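Student: Show me how the following folds:
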Amino acid sequence: MPFLDLARIEAREIFPGIRIRAPHGENLMLSIVDFEPGAQVPLHTHPHEQGGVLLQGRMELQIGSESRILEPGEYYIIPPNTPHRAAAVGGPARALDVFSPVREDYAALWTNGETE
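Tutor: Sure, this is the predicted structure:
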């Protein structure tokens, strides 16, 4: 499965107004996150290292005690077990998140990155 077509991966809603597509390999997970206007990922932590880039729209991202409004092309790194939250600002937004190791809770939404 070295090549994937995003349009063929079924989106799953993880919070109201937040849908993800999260193909993964053995040690790495990519996750396209689509935010409806005003949608929020609540404050949470996980043991996975997370990095990403905002692809479209604007997003408020809080990592630990620091918060910023991100514009397309801005990157972020979230260390393991660090509280963080995200919200679309002023319209829809799309981000690419990368997790290592693979998030088991997201992987369980698909069977080996299964597509539609």
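Student: alpha carbons only for contacts and neighbour counts from here, please
Tutor: Noted.
Student: Okay, and Gly51 sits in which element?
Tutor: Element membership for Gly51, per DSSP states H and E: strand 49-56.
Student: Phe99 - how many residues pack around it?
Tutor: 21 (other CA atoms under 10 Å).
Student: list the contacts for Leu6?
Tutor: Arg21 (CA atoms under 8 Å, 6 or more residues apart in numbering).
Student: Please read off the pLDDT at it from the model.
Tutor: In this prediction, Leu6 carries a pLDDT score of 90.
Student: That one and Pro79: what is the separation?
Tutor: 27 Å (CA to CA, to the nearest Å).
Student: Equivalent analysis for Gln62, please.
Tutor: Counting by CA to CA, the gap from Gln62 to Pro79 is 13 Å.
Student: do Pro23 as well
Tutor: Pro23 is 21 Å from Pro79, by CA to CA.
Student: And Glu13, by the same measure?
Tutor: 24 Å.
Student: neighbour-wise, which of these two wins?
Tutor: Pro79 (17 against 14).
Student: who's in contact with that one?
Tutor: Per CA under 8 Å, 6+ apart, neighbours of Pro79: His48, Glu49, Gln50.
Student: If you rank those by neighbours, which is first?
Tutor: Within the contacts of Pro79, neighbour counts (other CA under 10 Å) peak at Gln50, which reaches 20 neighbours.
Student: wait, it sits on Ile78?
Tutor: Yes: assessed by CA atoms under 8 Å, Gln50 is found in contact with Ile78 at 5.0 Å.
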